[in-house]
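# 3D model of this:
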Amino acid sequence: MESPLYNYNVPDNLFTIKDDSLIAAFKGLHTNHRVLELQNKLNDVNRDFNIAMFYFYRGIPDDEWKRSPGKDGLSVEFFPNFKEEHFSNQYNFNYFVQIFFYKVTTLYEIIGHLIYDRFSLPINEKNQRDKISFNSAISKLKSQERNLHQSLQMIKNSSNFRDGTKMRNDIAHNQPAYEISSSVTIKDGLTAFGTGSYTKSKEIKRTMINYLQSVKETFMSLEQYLLKS
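Purely as a prediction, here's the structure:
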C-alpha cells in the first residue's frame, strides 16, 4: 500500500496521564475516548486516500491538460486525451482528495486536543484568539517539553507538511489545485489573459503521500517523547 500510515495503530497509552489522582482518572476516560476518535479518523484518512487512488489508477490522462491549438478550431483544448470515463475518474478522484485533506486537518486538531490534555496546557479564557489547536499546542509545549516542541516544530516547518497544508487551504478558501484557474489575472492593477493553471493528478497524489508522511512523523515523534519511561 502507498500510504505511509497503512496499518498504523495509535498506541492506547500514547497520551496517558501519568498521575494516580482521581482527577487524572476521569481525564483518562476522556482521553481514551479521544484516542479512539483519533484512530477512527486515521482509518478514515487511509480509506479516503485509497479510494482516491482507486480512481487515479483507473486513469486520469492529464499530463497534457491543455493543447494549443486544439481540434475543431479551438484556440485551446483542455484535457485533449480524455474520454468520457476519464472525466468520471477525475471527478471522483477530486471528490475524495477534497475529503482527504479536510480529514487530515481534523486529525491534526484531535492531536492538538490530546496534547493539551496530556500536559494540562493553559488557555487564556479572556483571549478569544487563544484556542486549542495543533499549532497552539506546539507553541505552548516550548515551556514544558522543549524537545517534543522542537521535534513537532520541525515537522510543521517541513515541505511535506507545508505543501499539504497549502493544498488544503487552497481547496477550502482559494482555488483548488485540481481545478483550472481563471484565465484572467490581475496584479498591481494590470490585467493579463492566459490559460490558467492546473495541478496534475500525479502531483496531487505526491502531495497527499508526503502529507501522510508528515502525519506518520508526527506520531513517531509523539511515541518517542510520550512513551519514554
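# from here on, contacts and neighbour counts on C-alpha atoms
OK.
# how about the strands in the protein?
For the chain, the strands identified by DSSP state E occupy 66-67, 77-78, 184-187, 190-193, in order along the chain.
# and stretch 63-76, average pLDDT?
Here the mean pLDDT over stretch 63-76 is 83, rounded to a whole number.
# where does the chain dip in pLDDT?
18-30, 128, 182-195, 229 (pLDDT under 70).
# And the helices in it, which stretches?
For the chain, the helices defined by DSSP state H occupy 22-58, 84-119, 134-141, 146-157, 159-173, 201-226.
# Export the ones you listed as CSV, with columns for distance to residue 13 and mean neighbour count.
Supplementary listing: the helices of the chain in CSV, determined by distance: least, C-alpha to C-alpha, whole Å; neighbours: other C-alpha atoms under 10 Å:
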stretch, distance to residue 13, mean neighbour count
helix 22-58, 9, 17
helix 84-119, 11, 19
helix 134-141, 19, 19
helix 146-157, 17, 16
helix 159-173, 26, 17
helix 201-226, 9, 18
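# Turn the ones you listed into a markdown table, including distance to residue 4.
A markdown table is the format used below for the helices of the chain (distance: least, C-alpha to C-alpha, whole Å):
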| stretch | distance to residue 4 |
| --- | --- |
| helix 22-58 | 9 |
| helix 84-119 | 13 |
| helix 134-141 | 21 |
| helix 146-157 | 15 |
| helix 159-173 | 13 |
| helix 201-226 | 6 |
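# Nearest approach to residue 5 belongs to which of those helices?
helix 201-226 (6.1 Å; C-alpha to C-alpha).
# The closest one vs helix 159-173, what angle?
When axes from the mean of the first three to the mean of the last three C-alpha atoms, to 10 degrees is applied, the directions of helix 201-226 and helix 159-173 differ by 120 degrees.
# Does residue 2 touch residue 209 like I think?
Yes. In terms of C-alpha atoms under 8 Å, residue 2 counts as a neighbour of residue 209; the distance is 7.4 Å.
# How much space separates residue 129 from residue 145?
Taking C-alpha to C-alpha, to the nearest Å as the criterion, residue 129 is separated from residue 145 by 23 Å.
# Looking at those two, which one has more neighbours?
For residue 129 versus residue 145, neighbours defined as other C-alpha atoms under 10 Å are more numerous around residue 145 (13 against 9).
# Residue 2: neighbouring residues, count only.
Taking other C-alpha under 10 Å as the neighbour definition, residue 2 ends up with a count of 11.
# OK, contacts around it?
Contacts were defined as C-alpha atoms under 8 Å, 6 or more residues apart in numbering; by that measure residue 2 touches residue 209.
# Make 4 the starting number, not 1.
Will do, 4 is the new start, and the previous item becomes residue 5.
# ok now stretch 113-129, how far from the chain's centre?
Between the centre of stretch 113-129 and the centre of its host chain there is 21 Å, according to C-alpha atoms, centre = their mean, to the nearest Å.
# any residues touching that stretch, and which ones?
Contacts made with stretch 113-129 from outside it, assessed by C-alpha under 8 Å, 6+ apart, are listed as 18-20, 30, 34, 37-38, 40-41, 133-140, 143-144.
# and what of stretch 164-181?
By C-alpha under 8 Å, 6+ apart, the residues outside stretch 164-181 that reach it are 97, 101, 104-105, 158-159, 184, 201-204, 207, 210-211, 213-214, 217.
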